[in-house]
Every structure is written in structure tokens, then in C-alpha cells.
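Asker: I would like to see how this sequence folds:
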Amino acid sequence: MNNPLIQHQANQLIQQIGREFHPQHGMRYLLVIVRDSYGQRFNWFLNVQHPHQNQRSYPIGVVPTLDLQTLEAVQYLVHRRYQFTVVYRNFNQLRWPTTGQLISRSRR
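Answerer: Modelled structure (predicted):
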């Protein structure tokens, strides 16, 4: 966690989430992390849904690597500040480096 690049990326994401996050009663917030294998990066989105309205998705940042250890460290730091539910997209059969657990189950 002492890597300044990881700290910087996490702080940028936290700041951007703070710009879009306005807590209100009844609203739903969800972080979506998308693995972009073509762009060699992880794209982060904040999905917000007001009661009785459609969900909106706000791009909040990019982690410019496909290294899972970096993603795990950045996600840990962001989760310490915001405890949103996280959805992982395009992580089929990939496992977290530290625990060996599947990152996401593929939909059938």
C-alpha cells in the first residue's frame, strides 16, 4: 500500500466519486469496474439510481494497467472510503492474487 502510484490512482478515484456522490434517502449507488483488455486498463463507473427513475452511469476514472495486484490495492483503498457494492465486468475466470478467489462469477 505504500506505492505512491497506487495511492495517487486511488485518491483520484475517491475525489471523482466525491463529486458525483450526493447521499439521499432511497438512492442506490453501485461501483462498476470493467476490465478493458483492448485498452489494457480498468475503467471505473459509479451507477446512481434515484427512486422510480432509470439508473445513470458516471465514468469516474481509469486504472491504466491490467495488473490484478494493482487493481486489488486501489480497490481496497477506495473501499476504505466508500463501502459501495462493487460489480466486476469482463473478469471471467480471473482470481484475486492474494486470496485465489474468483473475482466474479460469469453469468449464464
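Asker: biggest helix in the protein, by residue count?
Answerer: helix 4-20 (DSSP state H).
Asker: buried sites along the helix or strand following that helix?
Answerer: Where DSSP states H and E defines the elements, the next helix or strand beyond helix 4-20 is strand 28-36. For strand 28-36, the buried set under the neighbour-count rule, 16 or more other C-beta atoms under 10 Å, comprises Tyr29, Leu31, Val32, Ile33, Val34, Arg35. In short, each C-beta sits where N, CA and C put it, glycine included.
Asker: Tabulate those residues in a markdown table, adding columns for pLDDT and distance to Phe91.
Answerer: Converted to a markdown table, the buried residues of strand 28-36 look like this (pLDDT from 0 to 100; distance: C-beta to C-beta, whole Å):
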| residue | pLDDT | distance to Phe91 |
| --- | --- | --- |
| Tyr29 | 92 | 21 |
| Leu31 | 95 | 14 |
| Val32 | 95 | 11 |
| Ile33 | 96 | 8 |
| Val34 | 95 | 9 |
| Arg35 | 94 | 5 |
